[in-house]
Structure formats: C-alpha cells, structure tokens
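Novice: Just need the structure, nothing else, for what follows:
(one chain, ligands or ions: 1)
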Amino acid sequence: MTDRPAGSRAHNVTVVGAGIVGVSCALNLIRQGHAVTVVDRLPPGEGCSKGNAGMFSSDSFVPLSLPGGIWRVPGWILDPLGPLAIRWRHLPRLLPFLIRFAAAGRPRRVAAIADALAPLLAASPEQHLKLARGTAAERLIRRRGALYVYESEKSMAVDEPAWRIRRDRGTRPQPLTAAEIREREPALAPIYPCGYFLSDLGHAAEPMRLVKALADAFLAAGGRVLQREVRDLEVGTDAVSRLITDAGSLDVDVLVIAAGAWSGKLAARLGHRVPIEGERGYHVTIANPGISLSVPVFTSDYMVIATPMDVGIRVAGTAEYGGLAAEPNPGRWRVLVRHAKRMLPAIDTSTVSEWSNLRPTLPDSLPVIGRAPNFSNVIFAFGHQHVGLTAGPKTGEIIADLVAGRTPNIDLRPFRVDRF
Ligand SMILES: Cc1cc2nc3c(=O)[nH]c(=O)nc-3n(C[C@H](O)[C@H](O)[C@H](O)COP(=O)(O)OP(=O)(O)OC[C@H]3O[C@@H](n4cnc5c(N)ncnc54)[C@H](O)[C@@H]3O)c2cc1C
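Specialist: All right, here's what the predicted structure looks like:
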C-alpha cells in the first residue's frame, strides 16, 4: 500500500546526497511507491546536516542581503567576534557572488525573495512531524518556540526592516522586556534589554540523529543507500543515463541532485553555471553545560544561536566564505566559546566538541528546486543556505510531486536553475 495516486507511474529514482534534503526527498518518494536509491560518499546526515543549530525557523525568509544588513558587513568582517568572515585568497572568485548578493538586497528583490521563500519554510515543525510520523525521528522534534534577543534597543531598531518583512507575511513576534527575557531563560546574561518570542518555531533535539532516523525509516520501507562518491554523470542528448562513481557506474531512470554545497559541479555538467558557495558555519556543543535553556536563543547582534539539545547546548554561527576546499579556522570555535560565555555566564565549557561544515548558499538566498530545463530525467534540490533543515521536508514533498508529474502547491519559478 503506498500514497501514490491511482494511475501515476512508479519510477526508479536515484537521489545524490543523503543530507536532510536528499533523505526527505527519498522518504517521500518511497512512500509514494517509487523504487529509490540514495547515493552519498558519507553515511546519511554527515554533511552539513550533521551539526546545524537544529532550528525549524519558518520565519527565516528574509534574504541574507537585506538592505539594512549590507552596511553592517565591513564592521562584521573587522570584528573578531563578528558573524562574517572572508578568506582573502578566495575573494577574486567570490566577487561575482558578492555583486549578485548586493543586487539581491534591492527593496523589490527583497520582497520578492521573501515571498518566494516564505511558503517553503511555512509550518516547518508540522512538516517535520508529518515526515517523521511513525518513525524514531518523531521524538526528536520539539515545538516550543524560540527567542530572539538584542543587546540594545538600537540594535533591535536596526533589525526592524527584517521584522516588518516577517510581520507582513504573517509572523507574530511577541515583544519581550529584559525582565520577561530573564523570566523565560534565567541562565541568560542580564545584557538583553529587549527581544521577541516566536511561538511557532521549533527545533530538533539532535539534527544528525533526526536525519539518520529518517534514513532508517527509508531503509525499512525498502530503500537502498549506497556509500559512493559520484565523480561524473554520463550525459546523453536530453537525459542523464548513468552516474560514474568511485565504485563503478549506476544506471539512472530519474535523477535528483541534492548534493548540498557540492551540487555546483554536477549542475555544471548539465550546462548550468550556478553561483553556489560553500558557506562555512561552525558549532561548539557543550555536553555538560551545568545550566539549561528551554528554547533556542538567537542573539541578533552576533548572529549566534544557542540551542538546547539532547547532546547538550549547541552554540552555532559564522558565515565564512573561503571556497569548498578551505580547511576550517580553529579560531572560530574559540570565538563561539566566548559567545557561549557572554550569553550564558554560568556555563561550564569544560566538555566542548567542535564541528564545521559548508552551507549551500546562493547569492539571492533562494535554493534551486525544479526540473533541469534540457534534461527530461533530472530534478534539482539544493542551495538551501541557512534553512535546509527547516525546508527539507517541504522540499521532499515538492520533489515527489515533480517525479509524479503533479503540480506542487507552491510557485517554483523563483527557484529555477537558469535564473542567473
Ligand atoms: C553552523 C550551521 C548552523 C545551521 N543552522 C541551521 C538551522 O538552525 N536551521 C536550518 O534550517 N538550517 C541550518 N543550517 C543550514 C543547514 O544545515 C543546511 O541548509 C542543510 O544541512 C543542507 O542540507 P543538504 O541536504 O542540502 O546538504 P548536506 O547535508 O550537506 O547533504 C549533501 C550531501 O551530499 C553529499 N555529496 C555531495 N557531493 C557528492 C558527490 N559528488 N557524491 C556523493 N555524495 C555527495 C555530501 O556528502 C552530503 O552528505 C545550518 C548550517 C550550519 C553550517
């Protein structure tokens, strides 16, 4: 018994990428009666999806290049505690991305981007619950809301354009005073005079375990996971016929490319030069913090999130542009520990683990979702920047619609691969 509508044909689908996006696609597809193989060089959930901040942030549809944000960029880069870093050697290659990034900050573009992204992120905690229902992933989903805090009224005012964009699209932030913030989260330092509570947000108790539990459900439903590196595609005139992997070739009927920050090379093989950057983020997870938080707390001044997880308190952030091959900068982990202590003065940081990986980021903050224009059997699902965990389940639903020949219930035109 499957969820596939009567009359629609079952396909053999190969998904490249076993992050939250690829696994969400695979689970949706197998539940609709398709035969599905996932190919990844790593076990499921061990790319960027492994160590993110765990937020289901349905409100994060404001593009990264919001006008108010652009003038803060030089200060952020110069501040050693700042959220943005650029490896200067990468700058010449990054310049075209930066130009497009700035162009995406024009007011009309910002509104259009927010309109496109909002339905992809909408009701993310519920989307996760729907996907996880009946699997071990279900108990890893928390729906308790989240807190945004500011170190001054002035910095809250700087963020007001972003809040206006959110409110205009249905977000209902509840303003909080210093006392209300402390009452909600007594472990926070008394340095936050104002903030917002967003009751509709949620988080994962551990994002990697969430992806692995979904992948286990996929396997239990008869799916196949192959741990292989895809080195190339065998491309015919209007279809991809095979994947060339480090362990031989694989025939392809329908191909979904969900390879996160590494998708650019595969898209280029199909003639699409997508300006995707691997945007490095970092986390420290403090296993025995000695204090607790009830919900994730986002400090808007430094763009750092502290999330309560089953594995401790995770403090995550940083957007670093250095190219796919650059090694992590250990200094960024020390910066995150300093942020942890600034936010949560009584935190015990003697048990810290460190992690870093690459977000798949496009200059207009929109992913690529949809059919490849010139190849009848290829579908793209990558480029989810800071919101891949949030948008994974919805993306999986959309990809299952496309494979079945149904029209998805959101407008995919803003996500076209050939928009650049
Ligand atoms: C510090 C940090 C905090 C974040 N916080 C949040 C958050 O709170 N909420 C949120 O929604 N998002 C967050 N994100 C973003 C989120 O983690 C990403 O958007 C998401 O993980 C992307 O998922 P993905 O499946 O597209 O990519 P990935 O998880 O990277 O999966 C892609 C997979 O493709 C595989 N692959 C690539 N190329 C090949 C190849 N040639 N052959 C075989 N396999 C290949 C990789 O091995 C990888 O496993 C955060 C990111 C970071 C770094």
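Novice: Show the end-to-end separation of stretch 119-128, please.
Specialist: Terminal residues of stretch 119-128 are spaced 15 Å apart (Cα to Cα, to the nearest Å).
Novice: just how off-centre is that stretch within its chain?
Specialist: Between the centre of stretch 119-128 and the centre of its host chain there is 13 Å, according to Cα atoms, centre = their mean, to the nearest Å.
Novice: Tell me where the stretch 301-420 of the chain has helices.
Specialist: Secondary structure of the stretch 301-420 of the chain (DSSP state H, counting those that start in this stretch): helices at 330-343, 388-404.
Novice: Kindly provide the whole-number mean pLDDT of the longest one.
Specialist: Confidence over helix 388-404, taken as the mean pLDDT, stands at 98.
Novice: Tell me the residues of the stretch 251-400 of the chain that contact the ligand?
Specialist: Residues of the stretch 251-400 of the chain that fall close to the ligand, judged by Cβ under 6 Å from any ligand atom: 258-260, 262, 281-283, 316, 357, 359-360, 382, 384-390. From N, CA and C alone the C-beta is placed, and that goes for glycine too.
Novice: if you look at those residues, which of them are in strands?
Specialist: Among those, DSSP state E puts Gly281, Tyr282, His283, Ala316, Asn357, Arg359, Pro360, Phe382 in strands.
Novice: Closest to the ligand out of those?
Specialist: Nearest to the ligand among those is Gly281, at 2.6 Å by Cβ to the nearest ligand atom.
Novice: Could you verify my assumption that that closest one touches Gly322?
Specialist: No. Assessed by Cβ atoms under 8 Å, Gly281 is found out of contact with Gly322, at 11.9 Å.
Novice: about what we covered before: kindly reformat the ones in strands among the residues of the stretch 251-400 of the chain next to the ligand as TSV containing neighbour count and pLDDT.
Specialist: Compiled in TSV, these are given as follows (neighbours: other Cβ atoms under 10 Å; pLDDT from 0 to 100):
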residue	neighbour count	pLDDT
Gly281	23	97
Tyr282	25	97
His283	25	98
Ala316	24	98
Asn357	21	98
Arg359	22	98
Pro360	28	98
Phe382	30	98
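Novice: By proximity to the ligand, which residue of the stretch 1-150 of the chain wins?
Specialist: Among all residues of the stretch 1-150 of the chain, Gly19 sits closest to the ligand, at 2.2 Å; criterion: Cβ to the nearest ligand atom.
Novice: That residue: neighbouring residues, count only.
Specialist: 30 (other Cβ atoms under 10 Å).
Novice: Then the one 5 residues further on?
Specialist: Residues contacting Ser24 under the criterion other Cβ under 10 Å number 32.
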